[in-house]
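# 3D, please:
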Amino acid sequence: AVARDADGWLASAYNTDPRRFRVARLEIDAQLRAAGRDPAAFGDLLATTWLYVTDDRAAARRLVEEILTPLLGRDPEHLAAHLPIGSPEHCAQVLSDYAAAGAGTVLLWPLRDPLRHLELVAERVRPLVVG
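Residues are numbered from 1 along each chain as shown. Alright, predicted model coming up:
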């Protein structure tokens, strides 16, 4: 039904990782082709991509362990590895991994001080992102 009726796909960053995103996207693309639809015309969004850019590893860890883990009931190691929370290099690697997995659009959700963290993305993260 999705391949026949939907206009796109919305995934949640805290519920996936780049490998799982890629596998799901490939499956959706196969179903689209089987339904006679062009996968390139079927967009996707990666939402709830919580973000916090900091060189302070302890601060990043506290945000994951004290805010996201209790809120989401997810493994803090998984969240820390697959969300852009941490150094600019880590954030860029996470976003690059999702781009390589085929994510078309990633919606960033700063955990605190949104304007400042989006500025940090523009200044310190985006230049490092591949894809």
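
# ok, longest strand in this structure?
Identified as the longest strand of the chain according to DSSP state E is strand 43-53.

# thought H82 was touching P18?
Yes - under the criterion of CB atoms under 8 Å, H82 makes contact with P18 at 7.0 Å. Backbone N, C-alpha and C define where each C-beta goes, glycine included.

# what's the overlap in contacts for these two?
Shared contacts of H82 and P18 (CB atoms under 8 Å, 6 or more residues apart in numbering): 94, 97.

# Does L68 touch E77 like I think?
No - the pair L68 / E77 is not scored as a contact, 11.8 Å apart, by CB under 8 Å.

# Please say which of the two ends up with more neighbours.
L68 (20 against 10; other CB atoms under 10 Å).

# tell me the pLDDT at the more buried one?
Looking at L68, its pLDDT is 96.

# on that earlier part again, what sits up against the helix or strand following the longest strand of the chain?
Sequence-wise, the next helix or strand downstream of strand 43-53 (DSSP states H and E) is helix 57-62. Residues outside helix 57-62 that contact it (CB under 8 Å, 6+ apart): 52, 54, 76, 80, 85-87.

# next one: stretch 36-51
Taking CB under 8 Å, 6+ apart as the rule, stretch 36-51 contacts 3-4, 6-16, 21, 25, 28-29, 32-33, 68, 83-85, 91, 98, 102-111, 117, 121.

# Dump the contacts of helix 57-62 to TSV, plus secondary structure.
Listed next are the contacts of helix 57-62 as TSV, based on DSSP: H, G, I helix; E, B strand; the rest coil:
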residue	secondary structure
Y52	strand
T54	coil
P76	helix
A80	helix
I85	strand
G86	strand
S87	coil
